[in-house]
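S.K.: A structural model of the following input is requested.
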Amino acid sequence: MKKTIALTHPRLKPARLVDSIKHDIRKYLNRERRKALPAGMDYWTFDCRFGATEAAAEKIFTSEINAHIDAAVAQELPSFYVEILARACNHQPRDEAEEG
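M.R.: Prediction:
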């Protein structure tokens, strides 16, 4: 998902629009997590970027998306850019020295 999302709408109140945006992002993440994993992979991870524009977007963690959306609303930005790319990964085995 690479998308520039407007924070203004002629008919929706800002709070409802923000809820709708957050819902769409959660729905996208859940849809990607349900996809079949390639052979030998353990889980899906996401590479995320967020910013006022595509050029100004910075890397963030998936868990920080909602906080960044709230910050964009607080700054009264007219729109923001969000990029979420799914990537299949393997868990790294723990060292036995760390377990004990």
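S.K.: Chain neighbours aside, what residue packs nearest to Ile21?
M.R.: Distances taken as Cβ to Cβ, 6 or more residues apart in numbering place Ile5 nearest to Ile21, at 5.7 Å, with adjacent residues excluded. All C-beta atoms are positioned from the backbone trio N, CA, C, and that covers glycine.
S.K.: I'd guessed the one you found sits against Lys22; true?
M.R.: No: between Ile5 and Lys22 there is no contact under Cβ atoms under 8 Å: 10.5 Å.
S.K.: picking that back up, and the residue nearest to Ile21, what is it in contact with?
M.R.: When contacts are counted by Cβ atoms under 8 Å, 6 or more residues apart in numbering, Ile5 is found next to 21, 79-82.
S.K.: before we move on, what SS does the closest residue in space to Asn66 that isn't next to it in sequence have?
M.R.: Counting by Cβ to Cβ, 6+ apart, Lys22 is the residue found nearest to Asn66 once chain neighbours are left out, at 5.9 Å. Taking DSSP: H, G, I helix; E, B strand; the rest coil as the rule, one finds Lys22 in the helix state.
S.K.: Kind regards, and thank you for your time.
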